[in-house]
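Student: sequence and predicted structure are below.
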Amino acid sequence: FNPTETNTNVEIFLEDDAHEELNDIWWPNLEFVNEAEQVSIENLTLLVHPDGTVEYRSKFNAHLASDFDLHSFPFDEQDLLVEIESFEWASDTMVFLAQEGIVGFSEEFHIPEWYVTDISEQIESKKEPRDHNEFSEFVATIHVKRDPGVYTTKVMIPLGVIILITMIIFWMDLNSFESR
């Protein structure tokens, strides 16, 4: 569009208007590779610039699956992955670009019983068995460390007390049970 004709440098489309606009333009149709449930999209905003650049912004609410290594439980550390890919467009058409400072958490973000120690992102090239083309994939890695205090106070100490109580029977005199 011509910014002098519209008196704006950016055309902004929100929610339903953004969905309508996406029907008329190309977009990557992103998917979470490791989603465990259907992803919900909130606060969809589409920004169209005069040079044809389109910014797609939205808030995703997703339940994702990650494999855990529990050999060191409850003193373990895990890497939680967020894998985003466009299965429709190969890397010759669509490639992710990393922007510094975009991936992170708000101050209110909290995972019960875990501490977030680090977050990193990388762009990978992935080849799917169903297609001979390579696909661009965005992978965010959230490194977390379990709070062992929760399991110590809520599981291990009570279990230890129960075991000690049951072991008292071995120190009791058998003659004291005759009258009972």
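Tutor: Nice, thanks for sending it over.
Student: who touches Leu14 in this structure?
Tutor: With contact taken as CB atoms under 8 Å, 6 or more residues apart in numbering, Leu14 is in contact with Leu44, Thr45, Leu46. No exception for glycine: its C-beta is placed from N, CA and C like everyone else's.
Student: what is it paired to in the beta sheet?
Tutor: Note on Leu14: beta-bridge partners by DSSP bridges are Thr45.
Student: now it: how far from Leu47?
Tutor: When CB to CB, to the nearest Å is applied, the distance between Leu14 and Leu47 equals 10 Å.
Student: distance of Phe135 relative to Asn61?
Tutor: Phe135 sits at a distance of 24 Å from Asn61 (criterion: CB to CB).
Student: so for those two, which sits in the more crowded spot?
Tutor: When neighbours are counted by other CB atoms under 10 Å, Phe135 and Asn61 differ, and Phe135 comes out ahead with 23 against 10.
Student: for that one, list the residues it contacts.
Tutor: Phe135 makes contact with Glu85, Ser86, Phe87, Trp89, Ala90, Ser91, Ser125, Lys126, Lys127, Glu128 under the criterion CB under 8 Å, 6+ apart.
Student: got CSV for the residues you listed, with neighbour count too?
Tutor: CSV is the format used below for the contacts of Phe135 (neighbours: other CB atoms under 10 Å):
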residue, neighbour count
Glu85, 21
Ser86, 20
Phe87, 14
Trp89, 18
Ala90, 17
Ser91, 17
Ser125, 11
Lys126, 13
Lys127, 12
Glu128, 13
